Structures are given as C-alpha cells and as structure tokens.
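> build me a model:
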Amino acid sequence: MFGARERNMAGAVAVRKAASAGARMARERVEFEEWAKWRGQHVPLPGMKSCVEKVDRPMKDASGRLSAPKARITDTLAALHRNGTITDAMLATGRRFEEDFALAHFETVGSVDWLRVSSPGHWKGLSLTDSIQGARDRVWKTMQRLGGPNSPLGMAAWWVVGYGLTVKEFALRQSWSPGRPLDQRVATGLVVGALGLLG
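Numbers count the residues shown, from 1 in each chain. Presented below is the predicted three-dimensional model:
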C-alpha cells in the first residue's frame, strides 16, 4: 500500500503533468489563432492568383541561401506549369476559371447554395452587378461541363483552381473511403483532367 507521502507525490506529479499539458494546449491554441489571423489577412483577394501556406522546414531563398520562413506564397497552377504537368493552354484555361471565380466572389461564401448558383435569375437580397452575375453563370456552366459540383473533376476545379488550395490541401480535405485521404497523385490527376477537359 502506498503511504501518505507517496500518494501526495503521485498527486503532485499528476497535477504537474495536467498543468503542463494544459499549458501546452493553450500555447498551441494561441499559436494557431495567430496563424489563422495572419492567414486570414493574406487570403487572396479577387484578382490575386496566389495563396499562403505555412512552412515548417528550411528552404532556399531567391539568392540560394537557406532560410526559415514561417509561410510562403503558393500558386498551384504556376507550379504545375513549371513542372511540365500542364500545358500553356491548360494554364490559360485555369487562369480564366480563377478570374471568373474571383469575380463571382465565392471566396466569401461559407457554404455554397448550388440552387442559387444554378438559377441565376432567382437571386434575392442585395443586387449583383452584371459582371458578378456573368462570372457566376460562367462558373456554373464550367462546373456542369466537369460533371457537376460534387463530381471529382468539379471538386478539383472548385477547390484547387478556384479557391486556391494546394493539391496537398485538396487531397487532405477529400476522402472517398472513410478515414483515408485522397492520394496526392490522384488529386493532381483530377486537376490536370479538369483543366484538360475545359481547355
């Protein structure tokens, strides 16, 4: 049996561990909130073609020296084009979709109501300019050409080309079997397929 001293020591250790875990969780929460706030200030505005991602490893700067940045600007279409994964025509197609998506202001919509997107004549509330309405119509027609908004190609175009996620982020968000994210090579293939079909 444990004596009073051992029980007190065990209790003190448990309290220290709980306090340490609580402090670590609070610190991680603050770090995440700071990152989320910073990320929110750097989400691309309409017309911009880049997004920001967190970097956890050293990388070379423009002059070739190693540096340890906290974040970097990403442009998935430019990276795919630079690697030779997509052609000039596919890049141009992707840029047109990006521009329409940005002009349609979908990035401010928390959850897209596809009934409203698909029936542009039934918008209620604030009036939309003709350019925004035209962009939304073009985005909807593009989504229909890709098999609809819930098709694999449609989701790849929406999230990677339109919304600006990296292929890795898109792959982690999607899973077609429970508990298993989409393979990154498959996600890249979906983006390439969507751009090829639209080109």
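> how does the chain divide up, domain by domain?
Here the domain assignment for the chain is 1-41, 76-198, based on automatic domain parsing.
> could you pull up phi and psi at residue 83?
Phi and psi for residue 83, reported as degrees, to the nearest 10, are phi -80, psi -10.
> worst-scoring helix or strand of this structure, pLDDT-wise?
Scoring the helices and strands of the chain by mean pLDDT, DSSP states H and E places helix 114-118 at the bottom, with a mean of 53.
> going on from that one, what's the next piece of helix or strand?
helix 130-145 (DSSP states H and E).
> so which bits of that next one are buried?
Neighbour-count burial for helix 130-145 flags 133, 135, 136, 137, 138, 139, 140, 142, 143 (criterion: 16 or more other CB atoms under 10 Å). Every C-beta, even on glycine, is put in place using the N, C-alpha and C of the backbone.
> so which bits of stretch 96-103 are buried?
97, 98, 99, 100, 101, 102, 103.
> quick one: average confidence on that stretch?
For stretch 96-103, the mean per-residue pLDDT is 90.
> again, but for stretch 24-38
Mean pLDDT, computed over stretch 24-38, is 64.
> can I get the buried residues of helix 130-145 in TSV with pLDDT and distance to residue 172?
Listed next are these as TSV, based on pLDDT from 0 to 100; distance: CB to CB, whole Å:
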residue	pLDDT	distance to residue 172
133	85	33
135	89	28
136	88	28
137	90	31
138	93	28
139	93	24
140	92	27
142	95	24
143	93	22
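> great, nothing more from me.
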